[in-house]
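Colleague: Structure, please.
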Amino acid sequence: MAKVVVIYSGGMDSFTVLNRALKDGHEVYALSFNYGQRHVKELEVAAEVTQRLNIPHKIVDITAINQLLAGSSLTSDAIAIPEGDYEEESMKSTVVPNRNMILLSLAIGYAVSLEAQAVYYGAHSGDHAIYPDCRPEFVKRMQEVSAIANYEPIAIEVPYLNADKGEILRDGLAMGLDYKQTWTCYNGREKACGKCGACVERLDAFAANQVTDPLEYEATSAS
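Modeller: Sure, this is the predicted structure:
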């Protein structure tokens, strides 16, 4: 049994990665980050899931970094969350500068301190066009750096790197996962908006699998 750290946001992709790591027999340590995201509700969901699964879970407050990382609609109330399908020009506003490199660096350090063998995170092919830190070339370079950055090499595992959200959901459904235990919406309100790019992509994934999304939505047309 390998000891691994899973970067766990509380969203459906990282929820599937978390359960995939458990299903594969690993000893899992979940790690979540509060980086000032509007949808901080995802961290509440993450805490509930890890408590239910009885696995160690840390939520680390790194909101101070927003003094340096400006310009993302995910962390600034002054920038509107884009609606509709994921398209490069509109969704660029949701990029948090260097986010995954920062989170991976912290997770690798945590893995070293735990004497773990790997860090898992949930990048997938649907993110490649918009998010540079989810692309295969970024993952490859980070894997190379992580192998030499410490005395102990840490693997970076990205099980769904070449899968889209529909394929990730399909694997999760095959594992019997309940996606009511996830939060995807970029707006952190009581119900998912059904209109932001994250909601639209999620709903498309459920439609592709001919399954009804168990979350409640503000937009009746999305429910």
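
Colleague: Can you give me the separation between Leu173 and Glu167?
Modeller: For Leu173, the distance to Glu167 under the criterion CB to CB, to the nearest Å works out to 11 Å. For every residue, glycine as well, the C-beta is placed using N, CA and C.

Colleague: Ignore what I typed, I meant Tyr29.
Modeller: 26 Å.

Colleague: if you count what's nearby, which of those two comes out ahead?
Modeller: Tyr29 (22 against 17; other CB atoms under 10 Å).

Colleague: Sheet-wise, list the partners of the helix or strand the more buried one falls within with their directions.
Modeller: Per DSSP states H and E: Tyr29 is located in strand 27-34. Neighbouring strands of strand 27-34 in its sheet, by DSSP bridges, are strand 3-7 (parallel), strand 57-61 (parallel).

Colleague: Minimum distance to Val112: which of these has it?
Modeller: The closest approach between Val112 and any of those, judged by CB to CB, belongs to strand 3-7 at 9.7 Å.

Colleague: who touches Ala118 in this structure?
Modeller: 2, 4-5, 111, 154-157 (CB atoms under 8 Å, 6 or more residues apart in numbering).

Colleague: relative orientation of the next helix or strand after the strand holding Tyr29 and strand 3-7 in degrees?
Modeller: Downstream of strand 27-34, the next assigned helix or strand under DSSP H and E is helix 41-53. Computed with axes from the mean of the first three to the mean of the last three CA atoms, to 10 degrees, the direction of helix 41-53 lies at 150 degrees from that of strand 3-7.

Colleague: Enumerate the positions of helix 41-53 that are buried.
Modeller: Of the residues in helix 41-53, those buried under the neighbour-count criterion (16 or more other CB atoms under 10 Å) are 41-43, 45-47, 49-50.
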